[in-house]
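Participant: Below is the sequence, then the predicted model.
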Amino acid sequence: MKNIIRITVVLAGCAMVSASARADLLGLSNPADLAGMTNFQLYSLATLFAGSDYIAVNQASGNWNGSYTPRDGKNLSLLTGRVEAGASWGSWRIAVFDRVEGVAQSNRDTTNVVYDNKQNLAMPAGQNLIAYLNLQFFLADGVRLDKGFLVNGSDGTQYAFGAGFSLLNGTRSRFTSLGGVASSTSAGYSFDANLQDANSRGNYPFISTATPSGTGYSMDLGGKIVWTNGSRLDVAANDLFGRIYWHNMPYTTETANSATLTRNAAGYISYNPTISGVNALNRTSVVQALNPKVFTQYTYPVANVDLCAGTDWILGYWLPQIGTAYHVNANWKTSLNYDFRFNTVGVGIENKWFYINAESQTLSLATSKAFGASV
């Protein structure tokens, strides 16, 4: 989904140096922010981002009406969100949070087939298709402990490092993979595909009664360098080595082959596919690996203006962004951001008590291919 409205209100103080223009679509946590802090602070935040390469976000579960723009290679849909509150004392911080994350990858063939079905369109005959879908989704709450470290260089440069460890309580999950080939003919489709699907909300005939549950962990690392001229480099990596161990999960494996599909004498399609598969009737235990995410940004000050360039990274996708921030006075700052993946423009305002940032590809959420909010 290809856009964002993002609003962030953070009640907190900053660590080594106040934040500059924010070019971070995924809203990652950087424990290095705590380096050099000495006082006690309370804070809260909420962030949300949703983006799609090919369809408006609000059409994702609908008929895919409006602008449809699939990429030639892999297509990406992305959802991340976090609600968090906590306290820091010195360079330590503890927080409680709720998180949601969903990532869907599909190739253009699979995306087109879904679009045609959503729009009730017939696939032209004579096409050979490759099926590819990888879906990963989870909801979880938990607690995180962070620690920051500050090192002052002999030349006045400051180096900050930080680490955080989260315990996760999983409340909902789905991870699905689909692969295979298909062909469209005058008689319909022929296909050979396989599916694996773990779905905490799956409800299959004869499945045993139980409630899925998940427990897990993840690690965050961060770093900052602040030079004497005020320029800085921020780096954060989240969900390193992250895992959620799910129990009592509905789980399906399926193989389908329709090579025997024909059209009868009356012109009707006769489906004689071979389909085999297994639903785990007694449910099963599965491990969901969390997607590592990285954010980096370089900021350079010129008079009352900060210039920044950075990128997020997830599953091999780069989300580059540029931005600028203007210091109105000692207490207030405004910012302007642009991201190149989803073509969003963002504006923000910040003082020492809070910041608010909003971004979107279009002024209309009904047509925007990405939007988000943080408060």
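Facilitator: The structure has been received and is ready for your questions. Numbering: from 1, shown residues only.
Participant: Please determine how far the closest residue to Gly202 other than its chain neighbours is located from Thr209.
Facilitator: Excluding its sequence neighbours, the residue lying closest to Gly202 (CB to CB, 6 or more residues apart in numbering) is Pro250, at 3.2 Å. In this view, the C-beta of every residue, glycine as well, is placed from N, C-alpha and C. Using CB to CB, to the nearest Å, Pro250 is found at 11 Å from Thr209.
Participant: What about Ala370, how many residues nearby?
Facilitator: Neighbour count of Ala370, defined by other CB atoms under 10 Å: 29.
Participant: no wait, Leu233
Facilitator: 14.
Participant: Which positions are bridged to it in the beta structure?
Facilitator: Under DSSP bridges, the beta-bridge partners of Leu233 are Ile225, Tyr298.
Participant: Can you tell me how far it is from Ala32?
Facilitator: If you go by CB to CB, the gap between Leu233 and Ala32 works out to 11 Å.
Participant: which residues are in contact with both of those two?
Facilitator: Contact criterion CB atoms under 8 Å, 6 or more residues apart in numbering; residues shared by Leu233 and Ala32: 223-224.
Participant: ok, back up a step: same drill for Pro250 and Thr209, tell me which one is more crowded.
Facilitator: Neighbour comparison, Pro250 and Thr209: the larger count goes to Pro250, with 22 against 6 (by other CB under 10 Å).
Participant: just checking, that one touches Arg283?
Facilitator: Yes. The criterion here is CB atoms under 8 Å, and Pro250 meets it with Arg283 at 6.2 Å.
Participant: Quickly list what's touching both of these two.
Facilitator: Counting by CB under 8 Å, 6+ apart, the contacts common to Pro250 and Arg283 are 207, 212.
Participant: Quickly find the element holding the nearest residue to Ser213 once chain neighbours are set aside.
Facilitator: In this structure, Ser213 finds its nearest non-sequential neighbour in His247, 5.5 Å apart by CB to CB, 6+ apart. For His247, the element it lies in under DSSP states H and E is strand 232-249.
Participant: how far does that strand sit from the chain's center?
Facilitator: Relative to its chain's centre, strand 232-249 lies at 12 Å (CA atoms, centre = their mean, to the nearest Å).
Participant: mind listing what the very next helix or strand once past it pairs with, with the direction of each?
Facilitator: Using DSSP H and E, the helix or strand that follows strand 232-249 in sequence is strand 251-257. Using DSSP bridges, strand 251-257 pairs in its sheet with strand 188-199 (antiparallel), strand 274-279 (antiparallel).
Participant: Tell me what angle the following helix or strand past the last one forms with strand 232-249.
Facilitator: Once the chain leaves strand 274-279, the next helix or strand it forms, by DSSP H and E, is strand 284-289. In this structure, strand 284-289 runs at an angle of 170 degrees to strand 232-249, with axes from the mean of the first three to the mean of the last three CA atoms, to 10 degrees as the basis.
Participant: helices or strands next to strand 284-289 in the packing?
Facilitator: Secondary-structure packing of strand 284-289 (3 or more CB pairs under 8 Å, 6 or more residues apart in numbering; DSSP states H and E): strand 158-185, strand 232-249.
Participant: Show me what the last one is packed against.
Facilitator: It stands for strand 232-249. If contacts are counted by 3+ CB pairs under 8 Å, 6+ apart, strand 232-249 sits against strand 158-185, strand 188-199, strand 213-226, strand 284-289, strand 293-302.
Participant: what do you get if the cut-off is 10 Å, keeping everything else the same?
Facilitator: Packing partners of strand 232-249 (3 or more CB pairs under 10 Å, 6 or more residues apart in numbering; DSSP states H and E): strand 127-152, strand 158-185, strand 188-199, strand 213-226, strand 284-289, strand 293-302, strand 305-314.
Participant: Equivalent analysis for the first one, please.
Facilitator: The contact analysis (3+ CB pairs under 10 Å, 6+ apart) places strand 158-185 against strand 92-106, helix 108-118, strand 127-152, strand 188-199, strand 213-226, strand 232-249, strand 251-257, strand 284-289.
Participant: Make TSV from these and add distance to Trp332 and mean pLDDT to it.
Facilitator: Formatted as TSV, the helices and strands packed on strand 158-185 follow (distance: least, CB to CB, whole Å; pLDDT from 0 to 100):
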stretch	distance to Trp332	mean pLDDT
strand 92-106	26	97
helix 108-118	44	89
strand 127-152	26	94
strand 188-199	48	81
strand 213-226	21	97
strand 232-249	20	96
strand 251-257	53	80
strand 284-289	43	92
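Participant: Let me have these in JSON lines, extended by distance to Thr176.
Facilitator: Formatted as JSON lines, the helices and strands packed on strand 158-185 follow (distance: least, CB to CB, whole Å):
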{"stretch": "strand 92-106", "distance to Thr176": "9"}
{"stretch": "helix 108-118", "distance to Thr176": "12"}
{"stretch": "strand 127-152", "distance to Thr176": "4"}
{"stretch": "strand 188-199", "distance to Thr176": "5"}
{"stretch": "strand 213-226", "distance to Thr176": "16"}
{"stretch": "strand 232-249", "distance to Thr176": "12"}
{"stretch": "strand 251-257", "distance to Thr176": "9"}
{"stretch": "strand 284-289", "distance to Thr176": "12"}
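Participant: out of the ones you listed, nearest to Ile314?
Facilitator: Nearest to Ile314 among the helices and strands packed on strand 158-185 is strand 92-106 (7.0 Å), distances taken as CB to CB.
Participant: tell me which residues in that closest one are buried?
Facilitator: Using 16 or more other CB atoms under 10 Å as the test for burial, strand 92-106 gives 93, 95, 97, 99-106.
Participant: ok, of those residues, which one's closest to Gly62?
Facilitator: The closest of the buried residues of strand 92-106 to Gly62 turns out to be Ala104 (CB to CB; 15.5 Å).
Participant: Assess the claim that the closest one and Ile55 are in contact.
Facilitator: No. Taking contacts as CB atoms under 10 Å, Ala104 lies outside contact range of Ile55: 11.3 Å.
Participant: Understood, closing this out.
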